[in-house]
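> coordinates for the following, if possible.
(one chain, ligands or ions: 2)
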Amino acid sequence: MTAIPAIATVIPAAGVGKRMQADKPKQYLQLCGLTVLEQTLHRLKQVPALQQFYLALSPDDPYFPALPLANDPKIQRLNGGAERANSVLNALLQIDAQQYPWVLVHDAARPAVRVSDIELLIQSCIQQGQGGILATPVRDTMKRGSDTVQHTVDRAGLWHAYTPQLFPTAQLKDALQQALAQGVAITDEASAMEWAGLPVLLVQGHADNIKITQAEDLALAAFYLEHSV
Ligand SMILES: Nc1ccn([C@@H]2O[C@H](COP(=O)(O)OP(=O)(O)OP(=O)(O)O)[C@@H](O)[C@H]2O)c(=O)n1
Ligand SMILES: C[C@](O)(CO)[C@H](O)COP(=O)(O)O
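Numbers count the residues shown, from 1 in each chain. Ligands and ions are numbered 1, 2, ... in the order given. Presented below is the predicted three-dimensional model:
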């Protein structure tokens with residue numbers, strides 16, 4: 001096993017959850033007795049290498065102060081931005097890359113991530129000295145179109161990109177800063193690294209690491225949370 005350095009952890013949690021169509025942002029919906037955010041933090045905190053947590057929240061988030069997490073000295077709250085990438089960059093700007101040469105980014109909306117998958121990602125990346133992401137190969141036939149099919153997309157080598165995503169802190173900060181400054185559409189950390197021409201390892205994880213996005217995802221996340229290890 002490769003020696004694992006202390007890793008800074010960024011949790012983007014400043015979204016409004018439009019697609020969920022709920023009465024509050026999805027990270028604060030109840031899931032198995034806790035909020036989604038608390039469930040996600042509970043998973044992350046089971047990984048010893050994950051040290052300081054940088055939690056990007058909406059500047060007017062009224063929910064977080066009521067959670068026990070608000071008193072956790074390992075959690076540093078910061079203001080998120082207009083898009084997920086802005087929230088992540090705001091967090092990266094607060095991380096000392098000397099102290100934390102590696103940073104792991106994980107969506108607050110992915111509470112069922114397996115601790116073993118996080119450990120696998122960390123081991124794979126640190127061992128190979130390259131950043132990477134948890135992902136799963138596409139299993140269905142993929143179509144491109146809107147109301148009718150334009151064509152079938154070759155699914156060979158096609159992956160679902162998940163989080164966590166783990167990268168050298170300084171590299172990710174520079175890549176994300178420059179990509180956003182040039183108006184590049186960035187939906188995950190890997191796309192900034194790809195834009196910068198830097199390698200991204202694909203580490204196969206489990207498909208139960210779903211992102212709670214639409215209403216029906218909550219019950220599925222609850223099932224996975226109760227049945228995954
Ligand atoms: N400006 C934003 C937008 C999103 N996120 C976070 O990024 C993660 C993944 O984003 P997504 O699933 O798109 O969440 P929302 O943006 O809240 O969802 P929607 O697009 O339906 O509004 C979530 O944990 C969300 O809180 C963030 O930190 N800052
Ligand atoms: C980062 C991510 O979860 C990887 O799949 C995804 O890109 C987030 O996308 P969203 O539209 O912000 O939910």
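
> what segments of this structure are strands?
Counting by DSSP state E, the chain has strands at residues 7-13, 30-31, 34-35, 50-57, 75-79, 102-105, 132-137, 142-145, 149-153, 159-168, 201-204.

> name the nearest residue to the residue of the chain at minimum distance from ligand 1, sequence neighbours excluded.
With C-beta to the nearest ligand atom as the measure, Gly15 is the residue of the chain nearest to ligand 1, at 2.1 Å. (C-beta placed from N, C-alpha, C; glycine too.) Closest residue to Gly15 apart from its sequence neighbours, by C-beta to C-beta, 6 or more residues apart in numbering: Pro25 at 6.3 Å.

> quick one: residues contacting that neighbour.
Contact analysis of Pro25 by C-beta atoms under 8 Å, 6 or more residues apart in numbering lists Gly15, Val16, Gly17, Ser58, Asp61, Tyr63.

> repeat that for Ile118.
Counted by C-beta under 8 Å, 6+ apart, Ile118 has contacts Arg43, Leu44, Val47, Leu50, Leu104, His106, Leu134, Pro164.

> for the chain, what lies in contact range of ligand 2?
Counting by C-beta under 6 Å from any ligand atom, the residues of the chain lying close to ligand 2 are Arg84, Asp107, Ala161, Tyr162, Thr163, Thr187, Asp188, Lys211.

> filter the residues you listed down to the buried ones.
Buried members of the residues of the chain next to ligand 2, counted by 16 or more other C-beta atoms under 10 Å: Arg84, Asp107, Ala161, Tyr162, Thr163, Asp188, Lys211.

> a markdown table for those, including pLDDT?
Output for those, formatted as a markdown table (pLDDT from 0 to 100):
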| residue | pLDDT |
| --- | --- |
| Arg84 | 98 |
| Asp107 | 98 |
| Ala161 | 98 |
| Tyr162 | 98 |
| Thr163 | 98 |
| Asp188 | 98 |
| Lys211 | 98 |
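
> from the residues you listed, which two are the most distant?
Across those, no pair lies farther apart than Arg84 and Tyr162, at 13.8 Å, counting by C-beta to C-beta.

> how close does the residue with the largest distance to the centre of the chain get to His106?
Relative to the mean C-alpha coordinate of the chain, counting by C-alpha atoms, centre = their mean, the farthest residue is Thr148 (32.2 Å). With the distance defined as C-beta to C-beta, to the nearest Å, Thr148 ends up 37 Å from His106.

> sorry, back to before: looking at the strands of the chain, which is closest to Met193?
Per C-beta to C-beta, nearest to Met193 of the strands of the chain: strand 159-168, 6.1 Å.

> contacts for the closest one, please.
Strand 159-168 is contacted from outside by 7, 97, 101-107, 110, 113, 118, 121-122, 125, 131-138, 188-190, 193, 202, 205, 207, 209, 211, using C-beta under 8 Å, 6+ apart.
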